[in-house]
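In: structure for the following, please:
(chains A, B, C and D)
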Protein chains: 2
Amino acid sequence: MKLESIAELSSEEREALFALPMRILDVTADTDIVREGDRPSECCLLLAGFACRYKAIGNGRRQIISFQTPGDIPDLQSLFVDAMDHAIATLARSRLAFIRHQDIRELIRCFPHLGAVLWRETLIDAAIFREWMVGLGRRNACTRIAHLVCEMHMRLAAVGLAHADSFDFPVTQIELADATGLSPVHVNRTLMELRRAGKMTFRGSTVIVPDWNQLRATGEFDPAYLQQRNTATLSDIAA
Amino acid sequence: MKLESIAELSSEEREALFALPMRILDVTADTDIVREGDRPSECCLLLAGFACRYKAIGNGRRQIISFQTPGDIPDLQSLFVDAMDHAIATLARSRLAFIRHQDIRELIRCFPHLGAVLWRETLIDAAIFREWMVGLGRRNACTRIAHLVCEMHMRLAAVGLAHADSFDFPVTQIELADATGLSPVHVNRTLMELRRAGKMTFRGSTVIVPDWNQLRATGEFDPAYLQQRNTATLSDIAA
DNA sequence: CGAAGGCTTGATAGACCTCAAACACAGTGG
DNA sequence: CCACTGTGTTTGAGGTCTATCAAGCCTTCG
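Out: Residues are numbered from 1 along each chain as shown, chains lettered A, B, ... in the order given. Presented below is the predicted three-dimensional model:
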């Protein structure tokens, strides 16, 4: 579903994907899947739950680089890049599927179009990084958080994990701070400000948004960078 | 040279690369090569000069997403992603080579390994984004700028465009501000602080660094994310 | 010589951070 | 059933980094 949200697949390709040998693993929240410097020999597909990529900096602080939703293969890059430049960790109880590099390589050899689809996915990943860079560099706390919520809703909707006006976003305010480059205290105050303004309510890991158009405006959110094939459908959901 | 700095190529592959039909174009500084929303039918290889990717935000402001050095193909992604999510512009007089998408696709079909090399390049690109995100989110002005200078020196050295203790970095302080998420005034003050501390001198588009180890320390710079094959050689140059 | 762009400097303001403590809540064990 | 603990959230006060505004200076170039 994730792959088909960004590209069309033939039935043989879909079959080949389902035929991949996988090792399934259930883990709790806050489990490191891959660490910085690792050289994995398999990729990790997130089947259910929630995860993030992050880079640690000195004295226990870190920057969260991206959030990962079911359907993502956050360490796909390990196929072509030797050592991981960042870590990957779960943020909620999750189910993982590990697929050996050699099997993916074989798959790409047999179905070059699937290789292109996966390449495309890594490119959209990069587009999300770029959008986050704009937020980190040039947007204030309120806009950053609103933007993030819009993005996560759209991405989760693409894999069927969002309601029309709410969704489950299992992160703490500290994790939100690590993702937005803010302090936890300031995240808290900004969330309260957004709540008081009636723009969104984030409580106990669920986000409620009464009016997406309003939140998109305050988040300066333009979904073009996500390159979804079915944005029409998605905005229908959102409307 | 750029591609070989990140992967090994066979002689046939090298020949095929040189045989690609290209349209050469010389442009002045501050020329937009691609604009946000464009759907190019060719990719742009930077042969000489200097360029950047950027995303514009309201009221004339922008965030520079990356700097591009000779050998880079900044819009390689347009092969697989429909619309550009950002613009690309030159920062100095540059020579560009445009290669049609269909020719690159054909090349990849004939030499799948070259496809993998190009994929790898887009992945390293993404690694640079991630490192910048850490800077934008979690590092102060001084560290951000020092880090950027270390990165640019290493990348330029990889394509033979840096001296041991200096290099040409043709950007204004305003562009530096757009890249680091700071204000031009603060960039100026930080540059002077670095200069006074004897850590680096940035004047008239050339950077002089008397002691790389010192600058790396203040920039918290670890080159692992650049995935250079010959980092040994590079640090020799730097030493 | 004048104009334009880039650099430098000063003063003031604001966004955000840090420290510190209190509060709420869920899970645990006695 | 109730203290107890730990994690996450909320609140207050003060401080710092960085932004903004505004002006002057320097260099380049036509």
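In: so, low pLDDT: which residues of chain A?
Out: Low-confidence regions of chain A, defined here as pLDDT under 70, cover residues A:1, A:230-239.
In: quick check: most distant residue from the centroid of it.
Out: No residue in chain A sits farther from the centre than residue A:110, which is 28.1 Å out by CA atoms, centre = their mean.
In: so that residue makes contact with residue A:16?
Out: Yes - the pair residue A:110 and residue A:16 qualifies as a contact (CB atoms under 8 Å) at a distance of 6.9 Å. (Glycine included, C-beta is placed from N, CA and C.)
In: in chain A, which residue is closest to the centre?
Out: residue A:68 (3.0 Å).
In: how far away is residue A:75 from residue A:151?
Out: 21 Å (CB to CB, to the nearest Å).
In: whoops, I mixed them up, residue A:30
Out: Distance of residue A:30 to residue A:151, given as CB to CB: 23 Å.
In: what is the end-to-end distance of stretch A:196-205?
Out: Between the opening and closing residues of stretch A:196-205 lies a distance of 18 Å (CA to CA, to the nearest Å).
In: quick check, it touching DNA strand C?
Out: No - interface with DNA strand C: stretch A:196-205 contributes nothing (CB under 7 Å from any atom of the strand), its closest point being 7.8 Å away.
In: what's that stretch in contact with?
Out: Outside of stretch A:196-205, the residues that reach it under the criterion CB atoms under 8 Å, 6 or more residues apart in numbering or on different chains are A:146, A:149, A:168-171, A:191, A:194-195, A:207-211, A:214-215, A:218.
In: what residues sit buried inside that stretch?
Out: For stretch A:196-205, a neighbour-count test (16 or more other CB atoms under 10 Å in any protein chain shown) marks A:199-200, A:202 as buried.
In: quick one: residues contacting the residue nearest to residue A:77 when sequence neighbours are not counted.
Out: For residue A:77, the nearest residue in space outside its immediate sequence neighbours is residue B:123; the separation is 4.6 Å by CB to CB, 6 or more residues apart in numbering or on different chains. Contacts here follow CB under 8 Å, 6+ apart; on that basis residue B:123 touches A:77, A:80-81, A:122.
In: and the next helix or strand past the host helix or strand of residue A:194?
Out: When secondary structure is defined by DSSP states H and E, residue A:194 falls within helix A:184-196. Following helix A:184-196 in sequence order, the next helix or strand is strand A:201-203 (DSSP H and E).
In: can you list the strands that that next one pairs with?
Out: Applying DSSP bridges to the sheet, strand A:201-203 is found paired with strand A:206-208 (antiparallel).
In: first-to-last residue distance for stretch A:167-179?
Out: With CA to CA as the measure, the ends of stretch A:167-179 fall 18 Å from one another.
In: show me how far it is from its chain's centre.
Out: Remark: stretch A:167-179 is offset 12 Å from the chain centroid, using CA atoms, centre = their mean, to the nearest Å.
In: what about it, near DNA strand D?
Out: Yes - in terms of CB under 7 Å from any atom of the strand, part of stretch A:167-179 sits within range of DNA strand D, namely A:172-174.
In: mind putting these into CSV with neighbour count and secondary structure?
Out: Written out in CSV, the entries for these read as follows (neighbours: other CB atoms under 10 Å in any protein chain shown; DSSP: H, G, I helix; E, B strand; the rest coil):
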residue, neighbour count, secondary structure
A:172, 13, coil
A:173, 17, helix
A:174, 12, helix
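In: and which of the residues you listed is nearest chain B?
Out: For chain B, the nearest member of the residues of stretch A:167-179 next to DNA strand D is residue A:174. The distance, counting by CB to the nearest CB, is 13.8 Å.
In: how near is that closest one to DNA strand C?
Out: When CB to the nearest atom of the strand, to the nearest Å is the yardstick, residue A:174 and DNA strand C sit 11 Å from each other.
In: what's the closest non-adjacent residue to that residue?
Out: Nearest residue to residue A:174 in three dimensions, chain neighbours excluded: residue A:184, at 4.8 Å (CB to CB, 6+ apart).
In: contacts only, for that neighbour.
Out: Contacts for residue A:184 (CB under 8 Å, 6+ apart) come out as A:173-174, A:176-177.
In: nearest to DNA strand C, of those?
Out: Nearest to DNA strand C among these, counting by CB to the nearest atom of the strand, is residue A:177 at 7.2 Å.
In: now name the helix or strand holding that closest one.
Out: helix A:173-180.
In: domain boundaries for chain A, per the record?
Out: By the assignment in automatic domain parsing, chain A contains the domains A:2-123, A:140-238.
In: now the helices: where do they sit in chain A?
Out: Using DSSP state H, the helices of chain A run over residues A:2-6, A:11-19, A:101-110, A:112-138, A:141-158, A:173-180, A:184-196, A:212-219, A:231-238.
In: how about JSON lines for those, with distance to residue A:87 added?
Out: As requested, these are arranged in JSON lines below (distance: least, CB to CB, whole Å):
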{"stretch": "helix A:2-6", "distance to residue A:87": "22"}
{"stretch": "helix A:11-19", "distance to residue A:87": "27"}
{"stretch": "helix A:101-110", "distance to residue A:87": "19"}
{"stretch": "helix A:112-138", "distance to residue A:87": "16"}
{"stretch": "helix A:141-158", "distance to residue A:87": "20"}
{"stretch": "helix A:173-180", "distance to residue A:87": "12"}
{"stretch": "helix A:184-196", "distance to residue A:87": "20"}
{"stretch": "helix A:212-219", "distance to residue A:87": "27"}
{"stretch": "helix A:231-238", "distance to residue A:87": "30"}
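In: do you know which of the ones you listed lies nearest residue A:92?
Out: Taking CB to CB as the criterion, helix A:173-180 is the member of the helices of chain A that comes nearest to residue A:92, at 10.5 Å.
In: list the helices and strands the closest one packs on?
Out: Contacts defined by 3 or more CB pairs under 8 Å, 6 or more residues apart in numbering or on different chains; DSSP states H and E place helix A:173-180 against strand A:51-56, strand A:62-68, helix A:141-158, helix A:184-196.
In: quick one: that helix to chain centroid distance?
Out: Taking the mean of its C-alpha atoms, helix A:173-180 sits 14 Å from the chain's own mean (CA atoms, centre = their mean).
In: and if you look at stretch A:121-141?
Out: Mean C-alpha position of stretch A:121-141 versus that of the full chain (CA atoms, centre = their mean) differs by 12 Å.
In: briefly note if it comes near DNA strand C.
Out: Yes - if you take CB under 7 Å from any atom of the strand as the test, stretch A:121-141 does meet DNA strand C, through A:140-141.
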